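Engineer: This is the structure alone, sequence omitted:
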């Protein structure tokens, strides 16, 4: 999902991820457990406010042009009702690994160092040896044939299981029982510039937009801002409730209202409400190298309805308008590092949540 100039990429929800599918750090997905590469942190991140484990929300594979690194950004959030929507209860972690490390077969989720689990093929190779000591001690006649038949049966059963998907539920030295897991889906990527036509859904979105214009007494089309600097001239066109920023937001997403993610490294974020005037000062420098940060991606309102527990009820776990992620302009990284770099999240609440339900 690398960005070229002003190119904006949109993420839309695709098929559900279950035990039939393998995922890796190359996978764009929402929910589930993160696929770390090359080495995961020792435990799932915790909420700084309540101390609970954070749920994995989104994993984005986003290598940079002319960079030797594979690169991921993963977002985590606290699903507790008193924490949902608070910026401090979100965390964005960036991890990278050299392409030659991945080509050499460095595992995405290595096993605990004290005991490396064998893959299914190794289990089957060793199955022929099961019970040999017992056979030598007992000297039984038909035991070898019975054991061989049993080994073959077990081998067939094991090779039919996606063991890697089971191993993804493990991590280094921690219990996963208290880590909330959200339902997982693949994320497909499209270029915003390719969305020229209107199908029935898009036509319906345009009709809703026209109704919004009539109700609020504002021509949303006038809210599109040209190039210029950092500050958008939101005041030129005002809706009756004074929220011209939200009107522009609605106009911008009308071509693809089902988008759950926008990616445009170095581009301009799409605010859902007027940002604070000191936002540039709020976006802190990179805590790893001290470089400034730039906008890279944001989560969109359509994602909210998909964030439900994997095996729980139908209640939505998180509420937000948009979550903007700013990352290190240098994308600093030390080869061989096992610690993810934390980036900056800015969260805006949805000023009119019912429009997305």
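Structural biologist: Sure thing, it's come through. What you see is a predicted model, and the numbers here were worked out from it, not measured in a lab.
Engineer: which of the residues in stretch 338-355 are buried?
Structural biologist: For stretch 338-355, a neighbour-count test (16 or more other C-beta atoms under 10 Å) marks 340, 341, 343, 344, 345, 346, 347, 348, 350, 352 as buried. Every C-beta, even on glycine, is put in place using the N, C-alpha and C of the backbone.
Engineer: Can you lay out the residues you listed as CSV showing distance to residue 253, pLDDT and secondary structure?
Structural biologist: Shown next, in CSV, are the buried residues of stretch 338-355 (distance: C-beta to C-beta, whole Å; pLDDT from 0 to 100; DSSP: H, G, I helix; E, B strand; the rest coil):
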residue, distance to residue 253, pLDDT, secondary structure
340, 30, 91, coil
341, 30, 94, strand
343, 24, 97, strand
344, 23, 97, strand
345, 20, 96, strand
346, 18, 96, strand
347, 18, 95, strand
348, 14, 95, strand
350, 12, 84, coil
352, 13, 66, coil
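Engineer: mind checking how far residue 69 is from residue 289?
Structural biologist: Distance of residue 69 to residue 289, computed by C-beta to C-beta, to the nearest Å: 15 Å.
Engineer: Looking at these two, which is more packed in?
Structural biologist: Under the criterion of other C-beta atoms under 10 Å, the comparison of residue 69 against residue 289 puts residue 69 first, with 17 against 14.
Engineer: Got the phi and psi for the more buried one?
Structural biologist: phi -100, psi 140 (degrees, to the nearest 10).
Engineer: Could you do the one 3 residues further on as well?
Structural biologist: The phi and psi values for residue 72, taken as degrees, to the nearest 10, are phi -130, psi 150.
Engineer: correct me, but it touches residue 96?
Structural biologist: Yes - here residue 72 lies in contact with residue 96, judged by C-beta atoms under 8 Å, at a distance of 7.4 Å.
Engineer: count of neighbours near residue 10?
Structural biologist: 23.
Engineer: Doesn't it lie inside a helix?
Structural biologist: No - read with DSSP: H, G, I helix; E, B strand; the rest coil, residue 10 is strand and lies in no helix.
Engineer: how much space between it and residue 23?
Structural biologist: 21 Å.
Engineer: just residue 287 next, same as before
Structural biologist: 29 Å.
Engineer: which of these two has more neighbours?
Structural biologist: residue 23 (20 against 12).
Engineer: Now do the SS call for the more buried one.
Structural biologist: coil.
Engineer: That one and residue 35 touch, don't they?
Structural biologist: Yes - with contact defined as C-beta under 8 Å, residue 23 counts as touching residue 35 (5.5 Å).
Engineer: Just give the strands next to the strand or helix carrying residue 75 in its sheet, each with its orientation.
Structural biologist: Using DSSP states H and E, the element containing residue 75 is strand 69-77. Paired strands of strand 69-77, with direction, are strand 55-61 (antiparallel), strand 90-98 (antiparallel) (DSSP bridges).
Engineer: what pairs with residue 293 across the strands?
Structural biologist: Counting by DSSP bridges, residue 293 forms beta bridges with residue 328.
Engineer: any idea which of the strands paired with strand 69-77 is most buried?
Structural biologist: Neighbour counts (mean count of other C-beta atoms under 10 Å) averaged over each of the strands paired with strand 69-77 peak at strand 55-61, with a mean of 25.
Engineer: Residues touching that strand, excluding its own?
Structural biologist: With contacts defined as C-beta atoms under 8 Å, 6 or more residues apart in numbering, strand 55-61 is touched by 1, 11, 25-35, 44, 70-79, 179-182, 187, 261, 263, 297, 299, 303, 307, 317-318.
Engineer: Got a quick ChimeraX command for the buried subset of those residues?
Structural biologist: Burial among these is assessed by 16+ other C-beta under 10 Å; the matching ChimeraX selection reads:
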select :1,11,25,27,28,29,30,31,32,33,34,35,44,70,71,72,73,74,75,76,77,78,79,179,180,181,182,187,261,263,297,299,303,307,317,318
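Engineer: Which of the contacts of strand 55-61 fall within strands?
Structural biologist: Judged by DSSP state E, strands contain the following of the contacts of strand 55-61: 11, 29-30, 70-77, 187, 261, 263, 297, 299.
Engineer: ok, these vs residue 212, which is closest?
Structural biologist: residue 299 (22.4 Å; C-beta to C-beta).
Engineer: list the contacts for that closest one?
Structural biologist: 57, 58, 75, 260, 261, 320, 322, 323.
Engineer: who does the second one bridge with?
Structural biologist: Partner residues in beta bridges with residue 58: residue 30, residue 75, with DSSP bridges as the criterion.
Engineer: what's the distance between it and residue 195?
Structural biologist: 21 Å.
Engineer: tell me which element residue 213 falls in.
Structural biologist: Secondary structure (DSSP H and E) places residue 213 in helix 200-216.
Engineer: tell me the mean pLDDT over that helix?
Structural biologist: Average pLDDT, helix 200-216: 69.
Engineer: what's the next secondary structure element after that helix?
Structural biologist: helix 244-253.
Engineer: Residue 189 bridge partners, please.
Structural biologist: residue 11.
Engineer: isn't residue 340 right up against residue 95?
Structural biologist: Yes - the pair residue 340 and residue 95 passes the contact test of C-beta under 8 Å, sitting 4.4 Å apart.
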